[in-house]
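In: Give me a 3D structure for the following:
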Amino acid sequence: MALVFQTLITGLAIGGIYSLMAVGYSLIFSILNFSNFAFGMIIMLASFIGYFAMSTGYVNLGVALFLAMAGAGALSFFNERIAYSSLRKRHAPPLYFMISAMGTSIFLENMVYATIGSQYKAYPQVFKVPTISIFGASLGKMDLFAIIFSIVAIWFLNYFIQRTRTGISIRAASYDAAIAEINGVNLGAVIGLVFVLAGFFAGISGIFLGVKYMAYPNMGWITNKAYVAAVIGGLGSLPGAVTGGIILGVLESFVSVYISSTLRDVFSFGALIAFLVIKPSGLFGKYLEEKV
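Out: Residues are numbered from 1 along each chain as shown. Reported below is the predicted structural model:
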């Protein structure tokens, strides 16, 4: 029973990180109708920001989180302004955005290889005693912190989207950008804000991934799992992104413990294929043929 509880907590922690990343994907998809594959590299850069901040010895986890969120938010904003803004103004099809995203992703990854190098960077130890014992299970403090922080961050985002005037503008633009703009919504500002918000979540997940696995140049590709989570939950749906992330994290955790860690990705991408065949719109998404 203790092992089941420990596996569940680990799965929820991983699922929380996947949810954070999937929320960033879904935010951008809901506005521009394309999958921003450069998002993974923003997460990778945020992880390095956190590493270099904490490795000085003068910065704790809280400050590193703030710096990573601010840095990733700025990077995400400039990513939109440089790579996508001109395409958006010319009403380019989603495929062009995806090609630009892939190019940006490759550029950022190789820039890190050229400047920082290919070495893995291990974060300093966050907690003096990394685990605690609950009901006979040894649980990582960082896992518990990741679960709590992810819940709080996603709750604040949902409150902002649902209850504020700016959030209403974002929701209006996600339903119909042209009509929202006709009714006075500054579409350029809303899109910029969405990318900044997605960057904030990239910063949080980058820190958590770095602490859990280390920071390295090609870690951005782990966000393929976040894309899987977003598809399972329904691209463009924030509740779907959260649900898909938790499902995927728990699934991977139990497969790793009770079947085989080498088969973890087989089950993850098998779940993706199953959803694409059975329910391509995901659990909470709506099927829109023009979205790719």
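In: State the distance from the residue of the chain positioned farthest from its centre to Phe5.
Out: What lies farthest from the middle of the chain is Gly136; by Cα atoms, centre = their mean that is 32.0 Å. Gly136 is 8 Å from Phe5, where distance means Cβ to Cβ, to the nearest Å. Bear in mind the C-beta positions are built from the backbone N, C-alpha and C, glycine included.
In: do Ile232 as well
Out: According to Cβ to Cβ, Ile232 and Phe5 sit 24 Å apart.
In: Please compare those two by neighbour count and tell me which comes out ahead.
Out: Neighbours per residue, other Cβ atoms under 10 Å: of Ile232 and Phe5, the larger number sits with Ile232, 30 against 14.
In: Leaving out sequence neighbours, find the closest residue to that one.
Out: Gly244 (3.7 Å; Cβ to Cβ, 6 or more residues apart in numbering).
In: before we move on, which element is that neighbour in?
Out: According to DSSP states H and E, Gly244 maps onto helix 238-258.
In: same for that helix, what does it pack against?
Out: On a contact count with 3 or more Cβ pairs under 8 Å, 6 or more residues apart in numbering; DSSP states H and E, helix 238-258 meets helix 2-32, helix 141-163, helix 224-233, helix 264-278.
In: Now that we have these, can you turn them into a markdown table and tack on mean pLDDT and distance to Gly184?
Out: Output for the helices and strands packed on helix 238-258, formatted as a markdown table (pLDDT from 0 to 100; distance: least, Cβ to Cβ, whole Å):
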| stretch | mean pLDDT | distance to Gly184 |
| --- | --- | --- |
| helix 2-32 | 86 | 17 |
| helix 141-163 | 89 | 19 |
| helix 224-233 | 85 | 30 |
| helix 264-278 | 89 | 38 |
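In: can I assume Leu235 sits in a helix?
Out: No - counting by DSSP: H, G, I helix; E, B strand; the rest coil, Leu235 is not part of a helix but coil.
In: The nearest residue to it once chain neighbours are set aside and Ala189: what is the separation?
Out: Spatial nearest neighbour of Leu235, excluding adjacent residues (Cβ to Cβ, 6+ apart): Phe29 at 4.9 Å. In this structure, Phe29 lies at 19 Å from Ala189, with Cβ to Cβ as the measure.
In: Same drill for these two, tell me which one is more crowded.
Out: Legend: neighbour count by other Cβ under 10 Å for Phe29 and Ala189, higher for Phe29 (25 against 11).
In: mind checking how far that one is from Tyr123?
Out: Distance from Phe29 to Tyr123, counting by Cβ to Cβ: 30 Å.
In: Spatially, and excluding backbone neighbours, which residue is closest to the residue nearest to the spatial centre of the chain.
Out: Closest residue to the average C-alpha location of the chain: Met21 at 1.0 Å, with Cα atoms, centre = their mean. Excluding the flanking residues, the one nearest Met21 by Cβ to Cβ, 6+ apart is Ala226, at 3.2 Å.
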